[in-house]
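Enquirer: for reference, the sequence and a predicted model appear below.
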Amino acid sequence: MMGRQIAQVFLQNGHQVTVTDENLEMLKPGVEEIENGPYGLKAGVSRGKLTEAQAASALRNLRVAEDLQEACKEAGLVIEAVFENLDLKQRLFQQIELAAPSSATLASNTSTLSLARIAEKVKEKERVLGLHFFNPAQATKLVEIVRTDETSPARLEEAVNMVKQFGKTPVISEDEPGFIANRLGLTLYVEASKLLEQGTASVEDIDTAMRLGYGHPMGPFQTADLVGLDTRLRNLESLYEATGDTKWIPPRILREMVNQGYTGDPSKKKSSKGGYYQLYNVTPH
């Protein structure tokens, strides 16, 4: 999901982008979503965000590669957006370092995992940084840029300038689990889940309290539905594994919902039975 969105952000800003996936069957629907998805290029034209000429140019700049070597061989920047699994990301970064030119910056879209741990087996660690885009990447203004102790200051500066050129706002975080936004957002979500499980308040009232009381555009449960409950579960599991802090143990109801196929907003996740708003019959505001 995030890989498709990030690819589109770069395409809309005039970059040539090559995409690949371990599961080659995902490439065709990925390109289809970039063109025709709810935040895709055609939607951008209909909303007046892009001209038809800009959308056509973006599609011409999109390439599909059937293997990592082909995808990375001429890259100036490689961004991985695989699942939040440390072993998977470590193996992938080893492969990316070998496949990409030595001048290329190697970035992860991880939202919770340590960049230093991800880059543990990378030889040139100064090339590695975090570029954490938020869902939907085409519309959200924030990008977290994460640096390790070994990240090159010049590469960090290049990343900051690039994000600004996209019309987005960069924030820089040190390499701590959860970084800035997820550390705060997941704390709110965990506390909201406790209120729900204890029967203190309903899904609708908790979300309304945060929207009207604190000016959040969406409450914690509507946000979770958008991001994906399976993604929320993985985020919390990885934070708990990284820190050992019991406050990150996933809420019981979250795990139960994911196990039963409730993985988020069904308009965004076609295989989902729904999210909190469907399960608790809440009408979005």
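Expert: Cool, got the structure.
Enquirer: where do the strands sit along the stretch 51-200 of the chain?
Expert: 62-64, 77-80, 105-108, 128-133, 142-147, 169-174 (DSSP state E, counting those that start in this stretch).
Enquirer: residues in contact with the fourth one?
Expert: Applying C-beta atoms under 8 Å, 6 or more residues apart in numbering, the contact partners of strand 128-133 are 2, 5-6, 9, 79, 93, 105-111, 115, 118-119, 122, 140, 143-148, 150-151, 155-156, 159, 163, 173, 175, 179, 181. (Each C-beta comes from the backbone N, C-alpha and C, glycine too.)
Enquirer: let's see that with 7 Å instead.
Expert: Residues outside strand 128-133 that contact it (C-beta atoms under 7 Å, 6 or more residues apart in numbering): 2, 5-6, 9, 79, 105-111, 115, 119, 122, 143-148, 151, 155-156, 159, 179.
Enquirer: that strand pairs with which strands?
Expert: Using DSSP bridges, the strands paired with strand 128-133 are strand 105-108 (parallel), strand 142-147 (antiparallel).
Enquirer: kindly export the shortest one (C-alpha atoms) in PDB.
Expert: Okay, so that is strand 105-108. Extracted C-alpha coordinates of strand 105-108, given in PDB (Å, rounded to 0.1, in the frame of the first residue of the first chain):
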ATOM      1  CA  THR A 105      20.800   6.700  -0.700                       C
ATOM      2  CA  LEU A 106      19.100   3.700   0.900                       C
ATOM      3  CA  ALA A 107      15.900   4.600   2.700                       C
ATOM      4  CA  SER A 108      13.300   2.800   4.700                       C
END
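Enquirer: for D67, which of the strands paired with strand 128-133 is the nearest?
Expert: Go through these one by one with C-beta to C-beta and the one that ends up closest to D67 is strand 105-108, at 17.4 Å.
Enquirer: want to throw the strands of the stretch 51-200 of the chain into a markdown table with mean neighbour count and distance to K49?
Expert: As requested, the strands of the stretch 51-200 of the chain are arranged in a markdown table below (neighbours: other C-beta atoms under 10 Å; distance: least, C-beta to C-beta, whole Å):
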| stretch | mean neighbour count | distance to K49 |
| --- | --- | --- |
| strand 62-64 | 17 | 18 |
| strand 77-80 | 20 | 22 |
| strand 105-108 | 24 | 25 |
| strand 128-133 | 24 | 17 |
| strand 142-147 | 21 | 18 |
| strand 169-174 | 14 | 17 |
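Enquirer: please identify which of these is closest to L50.
Expert: Closest among the strands of the stretch 51-200 of the chain, using C-beta to C-beta: strand 62-64, at 14.2 Å.
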